[in-house]
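Participant: Provided below are the primary sequence and the corresponding predicted coordinates.
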Amino acid sequence: MELIYSNYNITLKIIEYEFEDGNNIYDKNWLIVEAIYYNKGNKTIKQFPALLTWEIDKIIQWLYKVKNNKKVKNLSFIENEIEFKYLNSRIYVELCFDLSIKDECINALLNTDKNNIDDIIFEFKKYKKDFPKR
């Protein structure tokens, strides 16, 4: 998923489960999100556990609602490091983890328009297949 914030281009993707195995349903299903961001030729990579496997379904459902012009509320998760927002016909992703961009959360613009949202939905459907609930 490609995002834009100020002079930064940010790529956000799910890369793996946080734990190979776990003692409870949460430990088994935490996912590591990777943020790669570029500014003036410099590349920085940050990884953090931010989503649970079943939260991917929530993202897909939310994106379908946006695509179909349904009213949506902001979409947040157990770990409040990522939040999806739909404002003025644009999708924003609020990132509240240390990107070393700012000391506070940033609202990055999803680098797509509503007509191309199917690509983002497809990406999250692939994540759902690659990282099923365990």
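Facilitator: All right, it came through fine.
Participant: in the protein, which spans are helices?
Facilitator: The residue ranges that make up the helices of the chain, judged by DSSP state H, are 25-29, 55-67, 117-130.
Participant: turn those into a markdown table, columns for mean neighbour count.
Facilitator: For the C-beta atoms, the positions are set from N, CA and C on the backbone; glycine is no exception. Converted to a markdown table, those look like this (neighbours: other C-beta atoms under 10 Å):
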| stretch | mean neighbour count |
| --- | --- |
| helix 25-29 | 15 |
| helix 55-67 | 18 |
| helix 117-130 | 15 |
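Participant: which residues sit in contact with the residue nearest to residue 1 when sequence neighbours are not counted?
Facilitator: Excluding the flanking residues, the one nearest residue 1 by C-beta to C-beta, 6 or more residues apart in numbering is residue 12, at 4.8 Å. Each residue near residue 12 by C-beta atoms under 8 Å, 6 or more residues apart in numbering is listed here: 1, 3, 33-35, 82, 93, 95.
Participant: low-confidence ranges, the protein, go.
Facilitator: Across the chain, the ranges flagged by pLDDT under 70 are 98-104, 111, 114-115.
Participant: on that earlier part again, ok, and the most crowded of the contacts of residue 12?
Facilitator: Among these, the one with the most neighbours (other C-beta atoms under 10 Å) is residue 95, at 26 neighbours.
Participant: any idea what that one is bridged to?
Facilitator: residue 82, residue 106 (DSSP bridges).
Participant: shouldn't it be in contact with residue 82?
Facilitator: Yes - the criterion here is C-beta atoms under 8 Å, and residue 95 meets it with residue 82 at 6.3 Å.
Participant: residue 31 - how many residues pack around it?
Facilitator: Neighbourhood size, residue 31 [other C-beta under 10 Å]: 19.
Participant: I am finished for the moment; much appreciated.
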